[in-house]
Structures are given as structure tokens and as C-alpha cells.
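Chemist: Quick one, what's the 3D model for this:
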Amino acid sequence: MPCLRPLLSCSALRLIAGTLGLSFLFSLPGGSVAGAVERPASSVNEKLLAHQSVFQPPRLIRVSEHVVVAYGYTMSNIVMIEGDKGLFIFDTGMRVEKAELALAAFRKQTDKPILGIAYSHGHGDHTGGVRAFAPDGSAIPVYAHRNALRYLKDINSATSAVFRLRAVEQLGLILPEGIDGTIGSGGGPVVSMGGTVSYITPTHLFDEEVEIDLGGVIVRLFHAPGDLDDGIAAWIEKDGVLLTGDTVVGTHTYPILSTPRYEKGRSAEAYIASINHFRDFGARHLVGGHGLPVDGTENVAELIDRTHLVARYIMDETLRQINARKHPAEIAAHLRVPAHVMGNEAFEDYYHRLNWIVRGVYNKEMGWYSGDTLDLIALAPKEYASKLIAALGGSDATLAAAPQAYDAGEHRWAASLATQLLALDATNDAALSVKANALRAIAYQSDSANERNYLLSEADLMLGEVGLKVIAGQALSRESAFFTGPTIPDIAAAGPSSAFIQRLRIRADESKASDDALSVTFVITDRGETYPMTLTHGVMIHERPTLREADATLRLDHRALVLISDGHMPWEDVLDLPEVQVEGDNEKLHRFMNNLTWND
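Modeler: Numbers count the residues shown, from 1 in each chain. You can find the predicted model right below:
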């Protein structure tokens, strides 16, 4: 892609990117481009900037006699609960290094041992710092709801790479910090690309509730689905403190009944039910997964009640509009929460926009079909673009109209026109310039941190303006792997082997199909699991173990399975690892592997 405003020279970036396997970011020639538009002046929405300022500086906040919050150290709150016998940590932040800073601050107040850790839910900003509190070799119990195992499968699924990319864009991880890039996430401070994201598989799973005695203080963990169906909350009755995870938070943001990332385990109705349940406790203090603690029984009740009302209104008004046969885009564009529903609580778009949440609710309820039968017979994007551009007078006329719309401040329309041109020619430098800079102009005006991050990330990726920190981070990661041997992330090490068998399955390449069926049995030696895989007519099948006798058996541990299914190492090199053994017809095993696609 064209380097119109590179952070390094285009030639330098291409050289480094090629070495790191990131050449896809720089596939087009650089230089000045006829029809390109000027980059808008960098800026930040003042309302959003004021909102983000509350997350700094990092500090400890004492909520009650036995509860302290590490606030602003990382994207989410880390809560320490202290009893006579020891400590309990509720949520661990996103990065080990940031969590270590929080732990150091805690240690200035107490040197008592950590007796347990809980994940409010499976998202990485709540689990990633866990090894700061439970380093290798420790036997500290980790508590989570049983559905955490289901989410482990989701996060390691065949589409997890796209899911992670969406998360990276949402948090602005590839952006510079400050006026040119990210200023935070709307729910916490800026999250850096660097650092260690860890994970420990929960050792203590429960269904409804469990109590932990810290000595004079009881922590009651109970199921409270919200962001995910593994959501839990904590009640410290002695201090009247309720820890609500991400379901009720003090960030003045709309309840997140859905997300653009899309998550199978998020149910709007379960989310609302959890909010309603929180009201039963009569808490004197509330600590959400993000934002400042809320103190005072009346203030806590008001936040819970208004969050419940707003969530219920969003859900039910969307359903009413569905029943009125309104188009999902129309519903999302026009749905507003009345002031009398919000009361004195401020709910804003700082995190996810309300219209995104509404779209997600519609999709979960009704699927992709809007009710307009044109959806059923719609033209493919390239064909639609071709006909629309012809109707507008051709490519030259459309290419002239796009910069005019941009210069007139009609940035969404400019980006839309550029998108149609790019559908016909993805290397159209002028269209890339218009779209990327239109996205930037919208982002700089946005009061949503996530919208800003999404748009600026796409713009930088389109134009090859990926910052040095991303290139350097990739370089350090690969250099480390060169000297220490291939490693896999904690979350992959904890994931089910079946998820990586699924990833391997979708590598089947129909274009390489042959009349001969090939069967290989994968035996995961450290987990005692067996997966018979048959490749027939370019389709991989593993649901029918008796389909045919195996031509070869591949015995490997879970780590080697991750390496081969994710393409972290060439499959030939994985077969040479000492923990991998091949039995049977080696030639047919090689044919089997060569009939898969390895172009990532």
C-alpha cells in the first residue's frame, strides 16, 4: 500500500516488513499520487479527551476497610481484598508488567500471601496480568465460572485471528499514542502494544456460587453473565462492596449488550438479568471492571437502576422497531435513549456507540436478513460497485467526486465513494488516499474512543503507516523465538486441542482435490486425545472416525499441534521436533500435508 506519510522511509519499512513477513502492509508503490487528498490536521474531540483524563494517574483507591482498587494501571481495575489470613485478587489487568506495578503498590500496604485469584470473565484485559500474581510454580487457585472453558474454545477458534485483529483495532494497539493516534479505550487508559499477556487455566470452576474465607472476610463469587456467559461478580458482605465486572461500570458508557467484534457468549437478556440481580444486595460500594468506584448506598442503587433501565429500553425499543418492520440500519440510526430514562446518570458513546449496540442486538435477534427482499438477491460488492460507478458517470467522474466530497467535509460520503472504487481496483492510490483520510477526519471528531481507534487503525493499515513500535515488537518476538525455540501464547496453551484441529481442518484446499482419500490420525500425547482426519475431494472430515483406516498416525503434544495448525513453523519442521513421532505411510502423510494450504 502507498506510503503517503510514513513514520519511517518506505524503503526502510518495506525492508523490515519483508524480513518479518509483514510485506502485505506495503504492497503498493509509494510517492505522490494524483488525486490524493491532504491528510487532516490531527486533533482530539474535547469531550472524549476530558473523559479519558479521569483514568490518570495510576493510583490505589481504598474503597473500604478490606477492599483496595488499583486504578489506571491498566485498561481494567485490579481489586485486592484483604482478610486476616491473606489476599484475594479479583481481575488481573491486561499485561503482566502493568499488573506487577499494581502488585508493588499493594505490597506497600500488606505483605500477606495471595490466597486466590478470580477472573470476572474471560476477556484478556481481565486475565492477561495473572502471572504477576501467580508466577510459574505457584499453587495459587484461580477461580472462574465453568463457561470459561467454552470461551477458551471461542478465543482459539478457526476465526480467532480475525477476532484478535478486531480487538487490536478497537484498542488502538498499532497506533501511536497521542493526538495522531490513540488516547485510550473509553474504558481505561492507553494500552500499549508491548508487554506480556499471560493466562492461567482456572483451577476452580463453579456453576452458581462459591465462598472463599480470607479470615474474617468472606468473598462470595456468583454467576453474573454480562460481557460473556462466564461472567461472575463478587460480594464482600462485611464491607458492603459489590464487584460487578464489566456489567455495571463507572465509565458513563452505555451497557454493552453487543459489540462489533461479535461474541457467541454474550446474551443481552442475561446481561440485563445480572444488572437487575445486583440491586438485591443493597451495596454501599460498587466497583466495576472499569472506571471509578461508586460510594454510598443511594449512589450505587441509582447507577444500577439507571443502567438497568437504559439496557432494558435499548433492548425493548429495538424489539418494538423490529416488530414495526423497520430496517436495522434505520433503527440504529434513530434509536435514542430518552433523558428521563437515564435520569441523572450520564450514558455516552465513549466506548461502543449506541448505534453499534443496537445493530448487534438486531443481529442476535433476527440474523442478517433485514426484511428487505433485496437482501436475498443483492448484487455482489464488485458488481454493485461497477454498476453504481457507471451510473455516476464512470470511474473518472466518481474519482473526481470523492475528493470534492472530502473537501466539502462530507467525509462519510467521500469514504463511501472511495470504497466503491476500491472494490474495482484495490490498488487505486487516489481512492485509498480519500478513504483513509476521510476515516481520519471522522476519527478526529469522534467522541467514541473505540470509533477513533478502529478508523485510525484502518487508515494506517491502508496506507502502510504502521508505527515503528509494531515493527519492533514483531522483530523482538521473532528474535526471541529464534534463540529460545518456537513458543505459543498462554491462551493457546490453555485452549482445547479440538479448536486447533478445527483450524487445521479449514486449511483443506479444494483446488488441490484428488480422487484419492487420505487419512491421518492425530494423537495429542499430553492430553490423551485422538482425532482421525480424512481428506476427501478437498474437504477435511474429522467427525466420522470410522470413515477409513488411517494411512499414517502423527503423535504430537498440544504445543506442536498449535505450531502446525497456526503455521508458526513450516509443517516439515514441526515433524522434525523430538516430541513428534510419525507412524505408518510417511509418503501419504506428506501428500496429506501438501494438499493443505499454507499461504499465511
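Chemist: Can you name the next helix or strand after the biggest helix by length in the chain?
Modeler: Once the chain is assigned using DSSP state H, the helix that runs over the most residues is helix 297-323. Using DSSP states H and E, the helix or strand that directly follows helix 297-323 along the chain is helix 328-334.
Chemist: May I see the buried residues of the helix or strand just after that following helix?
Modeler: Next in sequence after helix 328-334, counting helices and strands by DSSP H and E, comes helix 339-342. Applying a neighbour-count criterion of 16 or more other CB atoms under 10 Å, one finds 341-342 buried in helix 339-342. Using the backbone N, CA and C atoms, a C-beta is placed for each residue, glycine as well.
Chemist: quick one on the thing from earlier: quick check: buried residues in the longest helix of the chain?
Modeler: Of the residues in helix 297-323, those buried by neighbour count under the rule 16+ other CB under 10 Å are 299-301, 303-315, 317-318, 321-322.
Chemist: Check stretch 422-435 too.
Modeler: By neighbour count, and taking 16+ other CB under 10 Å as the criterion, the buried residues in stretch 422-435 are 422-424, 428-435.
Chemist: Am I right that residue 216 is in contact with residue 81?
Modeler: No. Under the criterion of CB atoms under 8 Å, residue 216 makes no contact with residue 81, lying 11.3 Å away.
Chemist: more neighbours, the two?
Modeler: Relative neighbour count places residue 81 above the other of residue 216 and residue 81, with 28 against 11, counting by other CB atoms under 10 Å.
Chemist: domains of this structure?
Modeler: As assigned by automatic domain parsing, the chain contains the domains 48-240, 496-594.
Chemist: which of those sits most buried?
Modeler: Each of those was assessed for mean neighbour count using mean count of other CB atoms under 10 Å. The highest is domain 48-240, with a mean of 20.
Chemist: Which residue lies nearest the spatial centre of the protein?
Modeler: By CA atoms, centre = their mean, the mean C-alpha position of the chain lies nearest to residue 167, the distance being 3.0 Å.
Chemist: Mean pLDDT for the domains of the chain - can I get that in JSON lines?
Modeler: Rendered in JSON lines, the data for the domains of the chain read as follows (pLDDT from 0 to 100):
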{"stretch": "domain 48-240", "mean pLDDT": "96"}
{"stretch": "domain 496-594", "mean pLDDT": "91"}
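Chemist: Tell me the secondary structure at the nearest residue to residue 502 once chain neighbours are set aside.
Modeler: Of all residues not flanking residue 502 in the chain, residue 158 sits nearest, at 4.8 Å (CB to CB, 6 or more residues apart in numbering). Each residue gets one of three states, and residue 158 gets coil by DSSP: H, G, I helix; E, B strand; the rest coil.
Chemist: what's near enough to touch residue 158?
Modeler: Contacts were defined as CB atoms under 8 Å, 6 or more residues apart in numbering; by that measure residue 158 touches 499, 502-503, 505-506.
Chemist: And residue 256, by the same measure?
Modeler: Contact criterion CB under 8 Å, 6+ apart gives 227, 246, 271, 351-352, 357 as the residues in contact with residue 256.
Chemist: Which members of the residues you listed are positioned in helices?
Modeler: When DSSP H is applied, the contacts of residue 256 are split such that 271, 357 fall in helices.
Chemist: Can I get the buried part of the contacts of residue 256 as one ChimeraX selection?
Modeler: Buried members of the contacts of residue 256, defined by 16+ other CB under 10 Å, are picked up in ChimeraX with:
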select :227,246,271,351,352,357
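Chemist: Now for the contacts of residue 256: which two are most distant?
Modeler: 271 and 351 (14.5 Å; CB to CB).
Chemist: Tell me if residue 521 really is in a strand.
Modeler: Yes. Read with three-state DSSP, residue 521 is one of the residues of a strand.
Chemist: Look up how far residue 388 lies from the residue nearest to the centre of the chain.
Modeler: 33 Å (CB to CB, to the nearest Å).
Chemist: try residue 320
Modeler: Here residue 320 is placed at a distance of 33 Å from residue 388 (CB to CB).
Chemist: same deal with residue 202?
Modeler: When distances are taken as CB to CB, residue 202 and residue 388 turn out to be 51 Å apart.
Chemist: Pass me the low-pLDDT residue ranges in the stretch 301-450 of the chain, would you?
Modeler: Under the criterion of pLDDT under 70, none of the stretch 301-450 of the chain is flagged as low confidence.
Chemist: Residue 84 and residue 214 touch, don't they?
Modeler: Yes. Residue 84 is within contact range of residue 214, at 7.1 Å (criterion: CB under 8 Å).
Chemist: Now residue 220: phi and psi?
Modeler: The phi/psi pair for residue 220 (degrees, to the nearest 10) reads phi -100, psi 110.
Chemist: how about it, what does it touch?
Modeler: With contacts taken as CB under 8 Å, 6+ apart, residue 220 has the following neighbours: 209-211, 234-237.
Chemist: From those residues, pick the one nearest residue 76.
Modeler: Nearest to residue 76 among these, with distances taken as CB to CB, is residue 234, at 14.2 Å.
Chemist: Confirm the closest one sits in a strand?
Modeler: Yes. Residue 234 forms part of a strand when assessed by three-state DSSP.
Chemist: Can you give me the distance of it to residue 70?
Modeler: Looking at residue 234 against residue 70, where the rule is CB to CB, the gap reads 15 Å.
Chemist: on that earlier part again, from the contacts of residue 158, pick the one nearest residue 384.
Modeler: residue 506 (27.8 Å).
Chemist: For the closest one, give me its contacts.
Modeler: Residues counted as contacts of residue 506 (CB under 8 Å, 6+ apart) are 158, 540.
Chemist: how about a cut-off of 10 Å?
Modeler: Counting by CB atoms under 10 Å, 6 or more residues apart in numbering, residue 506 touches 158-159, 540, 565, 596-597.
Chemist: In the stretch 501-600 of the chain, what residue spans correspond to helices?
Modeler: The residue ranges that make up the helices of the stretch 501-600 of the chain, judged by DSSP state H, counting those that start in this stretch, are 558-566, 571-575, 586-594.
Chemist: hmm, back to that, closest one of the contacts of residue 256 to residue 64?
Modeler: residue 246 (21.1 Å).
Chemist: you'd agree that closest one is up against residue 226?
Modeler: Yes. With contacts defined as CB atoms under 10 Å, residue 246 counts as touching residue 226 at a distance of 5.8 Å.
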